[in-house]
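Peer 1: Okay, here's the prediction I keep looking at, along with the sequence it came from:
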Amino acid sequence: MLEVHQFPCLSDNYGYLLHDSESGETAAIDTPDADEYLEQAKAKGWTITHIWNTHWHPDHAGGNGDIAKAVGAKIVAPQEVEKLSSIDQVVSHGDTVTLGSHTAQVIDVSGHTNGHVAFNFPDSGIAFVGDSVFALGCGRMFEGEPKQFWDSLQRIKAFSEDTVLYCAHEYTQANAAFALHADPDNPELQAYAAEIEDKRSRGEWTVPTVLKRELATNPFLRADDPALQARWGGDAPHETFAAIRAGKDNF
Ligand code: ZN
Ligand code: FE
């Protein structure tokens, strides 16, 4: 059985430790803060055996070296992570990685950066998506192209709709404000945004989210919806996506 231990770190990241109780293996999903990860693992009585990086940004791979040095964890990462640390096993789209008897599919979700992957566990109904998709948002397009990013989001949309999405940041409140601007007549979005306001006013987390809800409300996943195409333009969905992404960048 897989257990996800989630904790806030840095200013708005979430850290994740994924533990398999049968084998005793523990994966650090990204490494925003080595000390925090090591402390959290210690408090759980776990030893980090693997590091799985989603992409090379320092708030995702910056702690690789210190964690590997402290506990000898094996670094599993897309090639681009070599900008920040050594890699023991390079992964890319179509690969699988295992924690005990649990298998994750490595999915290309590039667009925020090149070489951005998600780790999807179809049998457990959970996925670690880094900065590709957020609750009501998606990552800023630093290195990718709109078509590439849109195609990445299609791969996430193809996960089972009950999949629990573990995103890497608590950006939801700001995302909700933009989503309401992007898609003002969506009643499900309005209800979701009100719930988010409520949760954040009590200091509660809005992550993880569930794919089904994002499919109905997240404007970046809905760039092929007629209402969004009419409002944001574009002949093809990736063009509408590009317009919405640019709208968020300037919101
Ligand atoms: Zn990032
Ligand atoms: Fe990030």
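Peer 2: It's in. Ligands and ions are numbered 1, 2, ... in the order given.

Peer 1: Please state the backbone phi and psi of the closest residue to ligand 1 within the stretch 151-251 of the chain?
Peer 2: Distance from ligand 1 to each residue of the stretch 151-251 of the chain (C-beta to the ion) is smallest for Ala168, at 7.1 Å. The C-beta positions use only the backbone N, C-alpha and C, and glycine is treated the same way. With angles defined as degrees, to the nearest 10, Ala168 sits at phi -90, psi 0.

Peer 1: gap between it and Ala230?
Peer 2: Taking C-beta to C-beta, to the nearest Å as the measure, Ala168 and Ala230 are separated by 32 Å.

Peer 1: just His181 next, same as before
Peer 2: Shown here: His181 relative to Ala230, a distance of 15 Å by C-beta to C-beta.

Peer 1: Compare these two (neighbour count), which wins?
Peer 2: For the pair His181 and Ala230, the greater number of neighbours falls to His181 (13 against 9), based on other C-beta atoms under 10 Å.

Peer 1: can you pull the contacts of the more buried one?
Peer 2: For His181, the contacting residues are Gly247, Phe251, taking C-beta atoms under 8 Å, 6 or more residues apart in numbering as the criterion.

Peer 1: isn't there a strand covering it?
Peer 2: No - remark: His181 does not belong to a strand; assigned using DSSP: H, G, I helix; E, B strand; the rest coil, it is helix.

Peer 1: Distance of it relative to Phe220?
Peer 2: When distances are taken as C-beta to C-beta, His181 and Phe220 turn out to be 13 Å apart.

Peer 1: Surely Gly111 forms part of a helix?
Peer 2: No - assessed with three-state DSSP, Gly111 is coil; it does not lie in a helix.

Peer 1: tell me the contacts of it?
Peer 2: With contact set as C-beta under 8 Å, 6+ apart, Gly111 has these partners: Ser132, Cys138, Gly139, Met141, Glu143, Gly144, Glu145, Gln148, Phe149, Trp150, Ser152, Leu153.

Peer 1: Fine by me, thanks again.
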